[in-house]
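A.B. asks: quick one, structure for this:
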Amino acid sequence: MNLSDFDYDLPQSFIAQEPLEPRDSSKLMRMDRHTGAIAHSIFRDIVDFINPGDVLVMNTTRVIPARLFATKANSGGKIEILLLRQLDDTRWHVLAGGRRILPDLELHFAGTDVTATVLEELDASERIINFSRPVNAMLTQLGEMPLPPYIHHRLQDSERYQTVYSRQEGSAAAPTAGLHFTPELLLKLRDNGVKIANCVLHVGLDTFQPVKVDTIEDHHMHSERAYLSADDARIINEAKLAGGRIISVGTTSTRTLETSAILSAGGDPAHPEAIGDICAWRPVMAFDSDTNLFIYPGYQWRVVDAIITNFHLPKSTLLMMMSSFAGRENILHAYETAKQNHYRFFSFGDAMFIS
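C.D. replies: Numbers count the residues shown, from 1 in each chain. From the prediction side, this is the model:
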């Protein structure tokens, strides 16, 4: 398929610059993925559309203050660094913005005695750097919240770019579909008999990297660390066998669940087609490994029955995933409907419930 098949026009005015208060007051578009039928609600009303026995699967990753500013030791030139992934105590995979960021370059961080050395030059602006000491405990001093580049307003409360259930630090971006949930809403869902299962996927490079190939099958997904515990796998499998739906909160939970099913079938997430055209449900299994699963139209879904998601960027892998789940024409029609009804787009925007 062509990259242009996943393009749509979006004026800047539709891009949400700030989160709404309270969290669950965002608009909610409901779409039947089989018919394309659309209805409109408020997010807090989602309790009316999730049934007792269904399972919500949530990514409990937590965003780190991953945006750092440094200067070159040799010239004083300014460098912006985005921490993507920790490799060991002091080495990190990063995106580095600036000129001539070459191996052996030493970087200084204002107000601290921390330095870093560029170890390796990777594709484009990717680098491996080595800090002079572990910096995890210093990140609030060294860095700031890495909001997406299309958000131009300064966030007053950094917790608004975290889900209320975030736990494990490690993401360079928030799993934004989960930003709509409040503790009270989660409690009401539990009281209604909805089950909650957790997973972890630390969001990395592909959130920030656009698709650069004309034919989407040629796109290479970078690996991100994902984790599903045995207890959460059991909750999901038991609920499915009892007739409940598996509802993923966001694209990261979706990729984690589908990766788990592919692994349980003995497959490789990089080549899901190799295990055959399995359209029926596959049980999930506990795992802790990298995944570079790329879901686009033609993918055979194995676990997820419904998805809670935000509205995604044109030509993005996330839009391709939603097109695979609900049909490209249905999704593009839904996005046009969202514009007509003044929905807010992207990370701090409104939500969809596709079932």
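A.B. asks: hmm, G36 is touching N330, no?
C.D. replies: Yes: with contact defined as C-beta atoms under 8 Å, G36 counts as touching N330 (4.1 Å). (Glycine included, C-beta is placed from N, CA and C.)
A.B. asks: and these two? which has more neighbours close in?
C.D. replies: Taking neighbours as other C-beta atoms under 10 Å, G36 and N330 compare with N330 leading, 21 against 15.
A.B. asks: phi and psi next, for the more buried one.
C.D. replies: With angles defined as degrees, to the nearest 10, N330 sits at phi -60, psi -40.
A.B. asks: show me what the biggest strand by length in the chain is packed against.
C.D. replies: Determined from DSSP state E, the single longest strand within the chain is strand 78-86. Using 3 or more C-beta pairs under 8 Å, 6 or more residues apart in numbering; DSSP states H and E, the elements in contact with strand 78-86 are strand 67-72, strand 91-97.
A.B. asks: what's the closest of these to L205?
C.D. replies: strand 91-97 (7.3 Å; C-beta to C-beta).
A.B. asks: could you measure from T309 over to D113?
C.D. replies: 43 Å (C-beta to C-beta, to the nearest Å).
A.B. asks: which one of these two has more residues nearby?
C.D. replies: Neighbours per residue, other C-beta under 10 Å: of T309 and D113, the larger number sits with T309, 23 against 8.
A.B. asks: so what are the sheet partners of the longest strand of the chain and their directions?
C.D. replies: Take DSSP bridges as the rule and strand 78-86 pairs in its sheet with strand 67-72 (antiparallel), strand 91-97 (antiparallel).
A.B. asks: buried residues in it?
C.D. replies: For strand 78-86, burial by neighbour count (16 or more other C-beta atoms under 10 Å) applies to I79, I81, L82, L83, L84, R85, Q86.
A.B. asks: equivalent analysis for stretch 296-307, please.
C.D. replies: Result for stretch 296-307 [16+ other C-beta under 10 Å]: buried residues Y296, P297, Y299, Q300, W301, R302, V303, V304, D305, A306, I307.
A.B. asks: tell me how far the ends of that stretch are from each other?
C.D. replies: Distance between the two ends of stretch 296-307: 15 Å, counting by C-alpha to C-alpha, to the nearest Å.
A.B. asks: narrow the buried residues of stretch 296-307 to those in strands?
C.D. replies: Using DSSP E, the buried residues of stretch 296-307 in strands are A306, I307.
A.B. asks: output the buried residues of stretch 296-307 as CSV; include the columns pLDDT and distance to E169.
C.D. replies: Listed next are those as CSV, based on pLDDT from 0 to 100; distance: C-beta to C-beta, whole Å:
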residue, pLDDT, distance to E169
Y296, 96, 30
P297, 97, 34
Y299, 94, 30
Q300, 92, 34
W301, 93, 30
R302, 92, 30
V303, 95, 26
V304, 97, 26
D305, 97, 30
A306, 98, 29
I307, 98, 25
